[in-house]
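> need coordinates for the below:
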Amino acid sequence: MSGDTSEERRERVLRERAERLAKQNAHAAREEADFEVALCRVGQERIGLPVERLQEIVPLPALARLPGTPAWLLGIAQLRGALISVVDLGGLLGFGTGGDARFVAVVGGDDGPIAFTIDEVLAYRRVFASDLTQSGESTGDGKPVLGVTQDLAAVIDVEALLARPELVVE
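You can find the predicted model right below:
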């Protein structure tokens, strides 16, 4: 390489820099394109809840029913000294109401935490955004879904779920 002219050397250095930057950008894109989900069962459905939005998953606490509320609003519960609403996720999303709910997944909303029932926690795993099918919003079924994994787990769009009109308190 000592026989390189200054122009050839400059081209080689620029090419090497461009290759390094391309590798770094590809790695950064991969890091941004994947996220961890808690894979759960709700009724007969498998759903993924993005871990970054979860505060915790705990056993279903004792509930106090509220009169005059929809069937999917199971009531309120005391969790760590705070009262939180407990929503039957399967009932709300049309997966069927489950009598098997043993846990709640607590997520932070604008008006405080809210708990969604889940039947079982199956696993925690990484999901690549590029592997997801189209979301429920874009397919017209109105479900707050980021997409569906290759093994048919619906990854929930927590922001869209919390923005559903029936959950918004005026």
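> going forward, measure contacts and count neighbours with C-alpha atoms only.
Will do.
> where's the most centrally placed residue in the chain relative to residue 147, distance?
Geometric centre of the chain, nearest residue: residue 50, 2.7 Å, by C-alpha atoms, centre = their mean. When distances are taken as C-alpha to C-alpha, to the nearest Å, residue 50 and residue 147 turn out to be 12 Å apart.
> now the common contact residues for those two.
The overlap between the contact sets of residue 50 and residue 147 (C-alpha atoms under 8 Å, 6 or more residues apart in numbering) consists of 155-156.
> follow-up on the earlier one: can you read off the backbone torsions of the residue nearest to the centre of the chain?
Backbone torsions of residue 50, given as degrees, to the nearest 10, read phi -60, psi 120.
> what's opposite it in the beta bridge?
Listed by DSSP bridges, the beta-bridge partners for residue 50 are residue 37.
> looks like it contacts residue 36 (just checking).
Yes - in this structure, residue 50 is within contact of residue 36 by C-alpha atoms under 8 Å, at 6.0 Å.
> mutual contacts of the two, please.
The contact sets of residue 50 and residue 36 do not overlap (C-alpha under 8 Å, 6+ apart).
> which SSE is residue 124 in?
Here residue 124 is covered by strand 120-128, with elements defined by DSSP states H and E.
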